[in-house]
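Below: sequence and its predicted model.
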Amino acid sequence: MNSSRRKFLLTGSSLAAALHFSKLFANPVPAGKPIVISTWPNVEANKAAWAILTNNGRALDAVEAGARIPEDDPNNNSVGHYGLPDRDGKLTLDACIMDEKGNCGSVAFVQDYMHVISIARAVMEKTPHVMLVGAGAEKFARDNGFKKEKLLTKFAEASYKEWLKKSKYSPDTKLNHDTIGIIALDTNGALSGACTTSGMAYKMHGRVGDSPIIGAGLFVDGEVGAATATGVGEEMIRIAGSHTIVELMRQGRSPQEACEEAIKRVIHKNGEARAKELSVAFLALSNNGELGAYSTVDDFSYTISTADQQHVVVKSKSFFS
């Protein structure tokens with residue numbers, strides 16, 4: 001995502017909602033249940049998830065409900081209906097979902113269907129598979145009652161036409177890639193997570209990032225914890241980032257320590273000079289409700305909902321801060 005998009009998130013309608021929703025704090029570490037955490041200032045997503053959890057609902061239902069919010073948010077150009085297209089002017093969507101038992105579903109390279117997080121859940125619950133892509137995922141969606149519709153908005157089309165004037169292809173950091181990853185722990189102690197995105201703006205047609213890949217953009221293990229990622233997806237894939245974090249937690253690291261180690265691995269593979277230009281961030285939650293968050297640079301924010309804390313953390317801890 002570019003800097004102007006991030007500035008919008010932190011100064012525009014999203015922050016106004018956050019201020020109405022709560023106060024802003026710096027790097028709290030809540031513990032307990034229920035709890036919802038999500039990447040970026042996704043206040044409305046957390047609200048939707050929290051409403052389910054406070055009614056003794058299931059974490060899986062909560063994260064699906066939360067992820068559906070930005071998929072239909074006109075102020076979000078990185079997810080769902082209002083996302084920006086690829087280099088060929090096509091809007092393609094990716095998502096995955098996972099529960100505490102390791103059940104998971106994923107879709108990638110989906111066109112003309114908005115709520116891909118719900119399609120991913122249907123893959124999990126109605127097929128013996130984990131992942132469906134492209135035309136096969138779209139046929140599955142159609143066969144299961146999802147509505148086909150034109151998703152590329154006038155704003156996205158205009159943005160694409162403007163991009164075509166130079167057609168600069170710089171996928172590392174300068175274009176939007178602010179996936180929503182959302183994790184919930186319910187009152188019964190069950191964890192679930194969801195991740196949904198339209199991917200990098202003006203990516204190569206056919207590119208798929210980390211968001212629909214179990215173990216890269218999202219991983220959940222009810223015996224340990226869960227992690228999700230946002231930023232340059234190729235970097236999460238290279239280290240199986242979310243799975244790495246959960247495994248480090250299994251070995252005794254705290255969620256914060258695990259997130260920090262994953263970021264260090266990204267930096268080690270790229271070198272500090274290149275890593276300073278990369279936006280990579282991880283968010284993790286243990287099965288007892290302890291939180292961790294860490295990023296390469298200090299532009300990553302996240303949203304927390306607990307019984308006594310509901311707020312946006314405007315800057316996570318980061319390596320280059």
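Structure's in. What do you need?

Now Arg121. Nearest residue, chain neighbours left out?
Spatial nearest neighbour of Arg121, chain neighbours left out: Ile97 (5.0 Å); criterion: CB to CB, 6 or more residues apart in numbering. C-beta: built from backbone N, CA, C; applies to glycine.

Is the one you found in a helix, a strand, or coil?
Three-state call for Ile97 (DSSP: H, G, I helix; E, B strand; the rest coil): strand.

Give me the pLDDT value at it.
You'll see Ile97 listed with a pLDDT of 99.

can you tell me which residues contact it?
By CB atoms under 8 Å, 6 or more residues apart in numbering, the contact list for Ile97 reads 60, 63-64, 67, 104-106, 117, 120-121, 124, 192-195, 218.

from those, which single one is nearest His205?
Nearest to His205 out of these is Ser106 (CB to CB; 19.7 Å).

so what does whichever strand or helix holds that closest one touch, helix or strand wise?
Element membership for Ser106, per DSSP states H and E: strand 104-110. Under the contact criterion of 3 or more CB pairs under 8 Å, 6 or more residues apart in numbering; DSSP states H and E, strand 104-110 touches strand 93-99, helix 116-126, strand 131-133, helix 134-143.

and the end-to-end length of stretch 178-192?
20 Å (CA to CA, to the nearest Å).

quick revisit: Asn56 versus the residue nearest to Arg121, what's the distance?
According to CB to CB, to the nearest Å, Ile97 and Asn56 sit 20 Å apart.

as a whole number, average confidence for the helix or strand containing Met249?
Assigning secondary structure by DSSP H and E places Met249 in helix 241-250. Mean pLDDT, helix 241-250: 98.

buried residues in that helix?
Neighbour counts over helix 241-250 (16 or more other CB atoms under 10 Å) mark Gly241, Ser242, His243, Thr244, Ile245, Val246, Glu247, Leu248, Met249 as buried.

Same check on stretch 197-207?
Under 16+ other CB under 10 Å, the buried positions of stretch 197-207 are Thr197, Ser198, Gly199, Met200, Ala201, Tyr202, Lys203, Arg207.

Could you dump those into a markdown table with secondary structure, distance to Val224 and pLDDT added?
Output for those, formatted as a markdown table (DSSP: H, G, I helix; E, B strand; the rest coil; distance: CB to CB, whole Å; pLDDT from 0 to 100):
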| residue | secondary structure | distance to Val224 | pLDDT |
| --- | --- | --- | --- |
| Thr197 | strand | 25 | 97 |
| Ser198 | coil | 30 | 95 |
| Gly199 | coil | 28 | 93 |
| Met200 | coil | 30 | 91 |
| Ala201 | coil | 34 | 91 |
| Tyr202 | coil | 37 | 92 |
| Lys203 | coil | 32 | 92 |
| Arg207 | coil | 31 | 96 |
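
Which member of the residues you listed is positioned nearest Val314?
Out of the buried residues of stretch 197-207, the member with the shortest distance to Val314 (by CB to CB) is Thr197, at 21.5 Å.
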